[in-house]
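J.: The sequence and its predicted three-dimensional model are supplied below.
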Amino acid sequence: MTTEAVLAGRGITRRFGGVTAVSDVDVDVVAGEVTLVLGPNGAGKSTLVNCLTGVDRPDDGRVLLAGEDVTGRRPDQFNRMGVVRTFQHTRPFAGLSVAENVMVGAHGRTRAGFVRGTLRTRAARREEAALQAQADDLLAQVGLEGRGDARPTDLPLADERRLELARCLAAQPRVLLLDEPAAGLGEAEADALAALVRRLCAEFDLGVLLIEHHLELALGMADQVVVLDFGKVIARGTPAQIRADEAVRKAYVGVEEGT
Amino acid sequence: MSRFLPKIPPWVSPVVIGLLVLLFAFTQDSFYRLQLGTLSGIYAVAAIGLTLLFGAAGQISLGQAGLLGIAAFGTAYLTVDRGLGPVLSGVVSIAAATVVGLLLGWSALRITGHYLALVTLAFGLCFTELGRTVLPEGWYGVPPLAIGSLDLGDPQRFFVVVWVFVVLTLVASSLLVRSRFGRSIAALRDDPVAASACGVNLARTKVAVFGIASALAGVSGWLFAMYQGSVTETSFSFTLSFNLLIMVVIGGLGSPTGAVAGAVFLVLAPELGRSYEQYRLLSYGLILILVLALLPGGLASIGRLIAKPLRRRRAGVEETA
């Protein structure tokens, strides 16, 4: 447990009817580090991320942002505080271009309301120009240079995930939560995406929380690991410790044999 | 709104429409045609509001007629019974329609899709019933528009005034859909969960769009009261809400220019086929089906279809040069 966590969950518990999807989970996201949440399907990983981003509300426990209790705030408030996320299934805005998608990502930290935007005041135009420049820049960062005018639904899945990364970065976040970013990707694509996430994490000093069940890929890029099974933490530590952990082996029988 | 469609500069359609209107106003002295032109302009303003609400933001409303009615009744009451001037009455009654629309949007925050359609439908029906029971007589003798001693009420002038409103609304809404706010309502329409995660305050955005659409419905209702000179609740029945929706769909969802085209089309089409009055509803249905089948982008996409080959040709010229 490090003390300098940007985003922290303390005793996060979420029940759905009789099922406790997440039970008393502590998790820390540290600036410039990747925290991996590992676990088999149904272990409560997505529910945990939802609780940490305001999409869902924990029944018990607290969400702390730089020490401040922010439990129960709305997703757009989390965004404005610098906590952004991607979703397990990509969620691009199909009616907007790729560049406009990225510009929506900056919505929370920009200001022009509908009156100023419609009247095109000098401030609104300046903001708009800055947003366009930033969108082009971010698209280049994630390897989507020159695709700004494309339709997001025309992008292959790997590029759609890159687009969502750029959209997240547009908010100039402190914390980035990625819900299975490699799901559905081929090995080479997943490796490239992992390298990109590592680079962005270092470059922007981002605290990254990563959900993944590509075991090797995920362990290779993580600094800290939390392993969930049936909503409970069964292990935590560095990737090396996790590889050696008996409980993790049990939860992942068959997966770890070959590795 | 969308960068991946062939771009037509935003000023093109207001300029073209403005020129057409001037041409029409100064060449037509037929009272009948001017009145039809005025009526399409009046509906166009409300239709632009609805296309922002339904097309751009994905929030359906089947109760726009109620909002028009509030402004129209307000104008009639304030001018006839209270003796206020037409402009001041307009300001007050448009504000009233906007407030009611904001409340409607706020009360509908938690519902979307079919449920939203039903709630707004119920609102519209309530208004009609209220009009029938509380205000059985309606109001007659609404004075024409005048600013001080400047009379804007004769058919030709009023026609121009109405279309000035249309062009202004068109310019404003075209700029609006291209702005930060425009992107946020598109995000709200395409994926509310992701929009929220991007920092879009869903509740505030939704209420704001309802407010904008209601204000435009209000302007439309105010103009209508002065156009008609009398106000009865039958002018604001469900049929009007439905017709506005057809205008917006035929015109091309989310396109302000399309909404104007749809309004003109829906006002003129029945007049052209006046002798086949009994087939009016049938023909609306057929037109709607044909448009959706052959031209899913609506009348507005005709402009883009024309722009596309032009653009390609120009690009080709540049390449070879």
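T.: Yep, that arrived.
J.: my guess is residue B:46 meets residue B:68, correct?
T.: Yes - because the distance of 5.9 Å satisfies CB atoms under 8 Å, residue B:46 is recorded as touching residue B:68. For glycine as for every other residue, the C-beta is placed from the backbone atoms N, C-alpha and C.
J.: joint contacts of the two?
T.: B:217, B:220, B:221 (CB atoms under 8 Å, 6 or more residues apart in numbering or on different chains).
J.: from those residues, which is closest to residue B:234?
T.: Residue B:234 lies nearest to residue B:221 out of those, by CB to CB, at 14.1 Å.
J.: out of everything not next to it in sequence, what's closest to the closest one?
T.: Nearest residue to residue B:221, sequence neighbours excluded (CB to CB, 6 or more residues apart in numbering or on different chains): residue B:71, at 3.2 Å.
J.: chain center to the host helix or strand of that neighbour: distance?
T.: Counting by DSSP states H and E, the element that carries residue B:71 is helix B:64-76. From the chain centre to the centre of helix B:64-76 is a distance of 14 Å (CA atoms, centre = their mean, to the nearest Å).
J.: From start to finish, how long is stretch A:50-66 in a straight line?
T.: End-to-end span of stretch A:50-66 (CA to CA, to the nearest Å): 18 Å.
J.: if you look at that stretch, does any of it touch chain B?
T.: Yes - against chain B, stretch A:50-66 shows contacts by CB under 8 Å from any CB of the partner chain at A:53, A:55.
J.: ditto for stretch A:120-134
T.: Yes - using CB under 8 Å from any CB, stretch A:120-134 reaches chain B at A:120, A:124, A:127, A:128, A:131.
J.: which SS class is the residue in the stretch 1-150 of chain A positioned nearest to chain B?
T.: Closest to chain B within the stretch 1-150 of chain A is residue A:108: 2.2 Å, counting by CB to the nearest CB. With DSSP: H, G, I helix; E, B strand; the rest coil as the basis, residue A:108 sits in helix.
J.: Secondary structure element holding the residue nearest to it when sequence neighbours are not counted?
T.: The shortest distance from residue A:108 to any residue other than its chain neighbours is 2.2 Å, reached at residue B:199 (CB to CB, 6+ apart). Residue B:199 belongs to no helix or strand when assigned by DSSP H and E.
J.: Let me see the contact set for residue B:199.
T.: A:76, A:79, A:80, A:105, A:106, A:107, A:108, A:109, A:171.
J.: Tell me how many other residues crowd the third one.
T.: Residue crowding around residue A:80 was assessed by other CB atoms under 10 Å in any protein chain shown; the count is 16.
J.: One more: residue A:160?
T.: Residue A:160: 21 neighbours (other CB under 10 Å).
J.: how close does it get to residue A:143?
T.: According to CB to CB, to the nearest Å, residue A:160 stands 12 Å off from residue A:143.
J.: Assign residue B:59 to one of the three secondary structure states.
T.: coil.
J.: Can you give me every residue that contacts the nearest residue to residue B:200 once chain neighbours are set aside?
T.: Leaving out its chain neighbours, the residue that sits closest to residue B:200 by CB to CB, 6+ apart is residue B:184, at 4.7 Å. Residues near residue B:184 by CB under 8 Å, 6+ apart: A:104, A:107, B:195, B:200, B:205.
J.: How about residue A:50?
T.: residue A:56.
J.: tell me the SS of it?
T.: With three-state DSSP as the criterion, residue A:50 reads helix.
J.: Taking the centroid of the chain, which residue is nearest it?
T.: Using chain A. With the centre of chain A defined as its mean C-alpha position, the nearest residue by CA atoms, centre = their mean is residue A:177, 1.9 Å away.
J.: sorry, should have said chain B
T.: Mean-position check on chain B, CA atoms, centre = their mean. Result residue B:47 at 1.7 Å.
J.: how many neighbours does the closest residue to residue A:190 other than its chain neighbours have?
T.: With CB to CB, 6+ apart as the criterion, residue A:190 has its nearest non-adjacent residue at 3.9 Å, and that residue is residue A:182. Residues lying near residue A:182 (other CB under 10 Å) number 24.
J.: Could you pull out the strands in the chain for me?
T.: Going with chain A. For chain A, strands defined by DSSP state E occupy the ranges A:5-16, A:19-30, A:34-38, A:60-65, A:68-69, A:83-85, A:175-179, A:207-212, A:224-229, A:232-237.
J.: Chain B, not that one
T.: Using DSSP E, strands in chain B cover B:139-140, B:146-147, B:150-151, B:230-231.
J.: Just give me how far the third one sits from the chain centre.
T.: When you say that, I think you mean strand B:150-151. 26 Å.
J.: That strand pairs with which strands?
T.: Strand pairing for strand B:150-151, using DSSP bridges, gives strand B:146-147 (antiparallel).
J.: any residues touching the partner strand, and which ones?
T.: So strand B:146-147 is in contact with B:85, B:86, B:87, B:152, B:153, going by CB under 8 Å, 6+ apart.
J.: can you count the residues close to the third one?
T.: Read it as residue B:87. The burial count for residue B:87: 13, using other CB under 10 Å.
J.: can you check the last one too?
T.: Per other CB under 10 Å, the neighbour tally for residue B:153 reads 16.
J.: what pLDDT does the residue lying closest to it once chain neighbours are set aside get?
T.: Using CB to CB, 6+ apart and skipping the chain neighbours, the partner closest in space to residue B:153 is residue B:144 (2.4 Å). pLDDT, residue B:144: 89.
J.: on that earlier part again, deepest of the strands of chain B, which one?
T.: The highest mean neighbour count among the strands of chain B, using mean count of other CB atoms under 10 Å in any protein chain shown, belongs to strand B:230-231: a mean of 21.
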